[in-house]
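K.L.:
sharing a sequence plus its predicted fold:
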Amino acid sequence: MNSSTLSDKGFTATQTPARVDMKIYFEALENLYHPTDNPSGALPMNVAENHLCWEMLRERIQKVTRENDIPEWVASYTDPSGAPSFREATAGFLSKFLFKVPVVPESIAFSSGATSVIEMTAFLLANPGDTAVIPAPSYPVYTGDIGVVPSVKRYDLQTHTEISELKNGVPISLDQLEKAKTDIEGAGSKFKILILTSPDNPTGAIYSEKQLREIADWCIQNEVHLIVNEIYGLSQIDITHPELKGDYSNPIEFVSFGNLMSEYKSPFLHFWYSFSKDLGISGFRIGLVHSHNQEFLDAYRNAGMGHSISNFTQWVMQEVMADHAFLESYFRAYPKELTQSYLIVIRALREMGIDYSPSYGSLFVWMDISRFLTEKTEKGEEEIWLDIYEKTGILITPANGFGHKIRGLFRMVITGMNHETLQVAMNRLKDYFSQK
């Protein structure tokens, strides 16, 4: 019996950290590497933050606040799903830079960050005890986002066994979806939501337009809500780079799911996005959902008041979103910086003979260090993860929680530091594995 002063869910929350690596991450932040002040300091590479072009964006934001008066509406309540002017500016941004088709502002609703959007969506689309299917490996915190408040179960769909199978994208099939449906219904639950992330976290793989169409058709036929998370949609690697193109024998073209949604206009198709990753502003807490399901959008507006974004943040970012000339310059610079970070990492992995998933985008490299494990178990994974941190100061994302059955695969965030510091991290990693 729960003897806590909290509810059952509250007591569970006291025993369940949002991430298993947070304590060590905060420890690392207290001892950060600096080339002169702290050259032996820690190099956290476990949290999905992007600092590559922050200076460009910061300068533009400072220009907004310096040269413009704050509008009257900022100090008042506005539409809980997003101020109309902010939705209009964001619709223009999505239309030009991601969807490549017109976007109706009223089809967008905002919440304070991607986590809030995920939680709200699961809460409104599924009943407690229903199941969301997610191809493995995938973002560990999806479990809490859909589970803590909405009480939706997570089903990790095993689409492949070897990292080499990702070279042509995520190898998902309709047969796998049918099997998942049978398994879930056999366990007394309902396959209610399918979540795809493209580019994927952690593998960097993408879904082809053909795959998206086949999966969308299956979901509509089976009345399953398909949500595609494109939070890394504009974090794309230049796969034509001379050092990279050999990894992509059958290159896939990235097509935004928003483009397909404009054609289907189905109430079972939805899209997630956040400014956190492509724009590198995690602390601004801006997430959005796009849908042609008006009933869902009405529910989102009515239930989401506690998840609203600060009006000041909305105003600042609507000015940035409306400046397409600035955004064009930003998205010319950012992919170059991202590709350079990716090159620094994979050059080192190739030198060490470590396999990795060829990435189309995202902030990560998904690598296979299974041959260095003392045992291919969760314990073996935890041991090497901690040993790398203790001996090098490099904190990669632990394997725990990604939902993949293969042991020894780890995620490394490549965008949280400048190129010089990233090279230091890779040199330390090469020294570490050379002694194994």
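P.N.:
All right, it came through fine.
K.L.:
can you tell me the SS state at L43?
P.N.:
Assigned with DSSP: H, G, I helix; E, B strand; the rest coil, L43 falls in the strand class.
K.L.:
so what's A136 up against?
P.N.:
156-159, 402-405 (Cβ atoms under 8 Å, 6 or more residues apart in numbering). C-beta: built from backbone N, CA, C; applies to glycine.
K.L.:
what do you get if the cut-off is 10 Å, keeping everything else the same?
P.N.:
By Cβ atoms under 10 Å, 6 or more residues apart in numbering, the residues touching A136 are 154-160, 203, 402-406.
K.L.:
check A187 too.
P.N.:
Counting by Cβ under 10 Å, 6+ apart, A187 has contacts 131, 153, 155.
K.L.:
a markdown table for the contacts of A136, including distance to A333 and pLDDT?
P.N.:
Formatted as a markdown table, those follow (distance: Cβ to Cβ, whole Å; pLDDT from 0 to 100):
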| residue | distance to A333 | pLDDT |
| --- | --- | --- |
| R154 | 37 | 97 |
| Y155 | 40 | 98 |
| D156 | 36 | 97 |
| L157 | 36 | 97 |
| Q158 | 38 | 95 |
| T159 | 34 | 94 |
| H160 | 34 | 93 |
| T203 | 25 | 96 |
| F402 | 31 | 93 |
| G403 | 35 | 91 |
| H404 | 34 | 92 |
| K405 | 39 | 90 |
| I406 | 36 | 90 |
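K.L.:
could you identify the buried members of the residues you listed?
P.N.:
Neighbour-count burial (16 or more other Cβ atoms under 10 Å) is assigned, among the contacts of A136, to 154-157, 159-160, 203, 402-404, 406.
K.L.:
in helices, which of these appear?
P.N.:
Per DSSP state H, helices hold no members of the buried ones among the contacts of A136.
K.L.:
of these, closest to S40?
P.N.:
F402 (30.0 Å; Cβ to Cβ).
K.L.:
for that closest one, give its distance to L32.
P.N.:
Distance, F402 to L32, using Cβ to Cβ, to the nearest Å: 26 Å.
K.L.:
and Q211, by the same measure?
P.N.:
41 Å.
K.L.:
can you check Y25 too?
P.N.:
Separation of Y25 from L32 (Cβ to Cβ) stands at 11 Å.
K.L.:
swap in S249?
P.N.:
40 Å.
K.L.:
so for those two, which sits in the more crowded spot?
P.N.:
Neighbour count, other Cβ atoms under 10 Å: between S249 and L32, L32 has more, with 15 against 9.
K.L.:
spatially nearest residue to that one (excluding sequence neighbours)?
P.N.:
G41 (5.1 Å; Cβ to Cβ, 6 or more residues apart in numbering).
K.L.:
the one you found touches E27, doesn't it?
P.N.:
No. Counting by Cβ atoms under 10 Å, G41 stays clear of E27, with 11.5 Å between them.
K.L.:
biggest helix in the chain by residues?
P.N.:
Max-length helix for the chain by DSSP H is helix 324-352.
K.L.:
now for that one, which elements pack on it?
P.N.:
Under the contact definition 3 or more Cβ pairs under 10 Å, 6 or more residues apart in numbering; DSSP states H and E, helix 324-352 sits against helix 54-67, helix 84-94, helix 311-322, strand 355-356, strand 364-368, strand 409-413, helix 419-434.
K.L.:
pull out the buried residues from the last one.
P.N.:
By 16+ other Cβ under 10 Å, the buried positions in helix 419-434 come out as 422-426, 428-429, 432-433.
K.L.:
how about the helices of the stretch 51-200 of the chain, start to end?
P.N.:
Along the stretch 51-200 of the chain, the stretches classed as helices by DSSP state H, counting those that start in this stretch are 54-67, 84-94, 114-125, 142-147, 174-186.
K.L.:
so which of these is the most surrounded?
P.N.:
helix 114-125 (a mean of 24; mean count of other Cβ atoms under 10 Å).
K.L.:
quick one: mean pLDDT over it.
P.N.:
Taken as a whole, helix 114-125 carries a mean pLDDT of 96.
K.L.:
try stretch 370-384
P.N.:
Stretch 370-384 comes out at a mean pLDDT of 94.
K.L.:
with stretch 26-33 instead?
P.N.:
Averaging pLDDT along stretch 26-33 yields 95.
K.L.:
now the helix or strand bottoming out on mean pLDDT in the chain: how far from the chain's centre is it?
P.N.:
The weakest-scoring helix or strand in the chain, judged by mean pLDDT, DSSP states H and E, is helix 8-15 (a mean of 83). Chain-centre distance of helix 8-15: 26 Å, with Cα atoms, centre = their mean, to the nearest Å.
K.L.:
residues of whatever helix or strand comes next after that helix that come out buried?
P.N.:
Sequence-wise, the next helix or strand downstream of helix 8-15 (DSSP states H and E) is helix 22-29. Under the neighbour-count criterion of 16+ other Cβ under 10 Å, helix 22-29 has 24, 28 buried.
K.L.:
next, find the distance separating the closest residue to D156 other than its chain neighbours from T374.
P.N.:
Excluding the flanking residues, the one nearest D156 by Cβ to Cβ, 6+ apart is G403, at 3.2 Å. According to Cβ to Cβ, G403 stands 23 Å off from T374.
K.L.:
alpha carbons of the least confident helix or strand of the chain, as CSV, please.
P.N.:
C-alpha atoms of helix 8-15 as CSV (Å, rounded to 0.1, in the frame of the first residue of the first chain):
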residue,chain,number,x,y,z
ASP,A,8,-0.1,6.8,-6.5
LYS,A,9,1.1,8.6,-9.7
GLY,A,10,2.9,11.2,-7.6
PHE,A,11,4.7,8.5,-5.5
THR,A,12,5.7,6.7,-8.7
ALA,A,13,7.1,10.0,-10.0
THR,A,14,9.3,10.3,-7.0
GLN,A,15,10.9,6.9,-7.8
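K.L.:
can you list contacts of that helix?
P.N.:
2-7, 16, 144, 148-149, 151.
K.L.:
ok, so of these, who is nearest R347?
P.N.:
G144 (35.2 Å).
K.L.:
quick one: contacts for the residue nearest to L157 when sequence neighbours are not counted?
P.N.:
Leaving out its chain neighbours, the residue that sits closest to L157 by Cβ to Cβ, 6+ apart is P135, at 4.8 Å. Taking Cβ under 10 Å, 6+ apart, we find P135 in contact with 156-160, 170-172, 176-177, 180, 194-197, 200, 203, 205, 207, 403-404.
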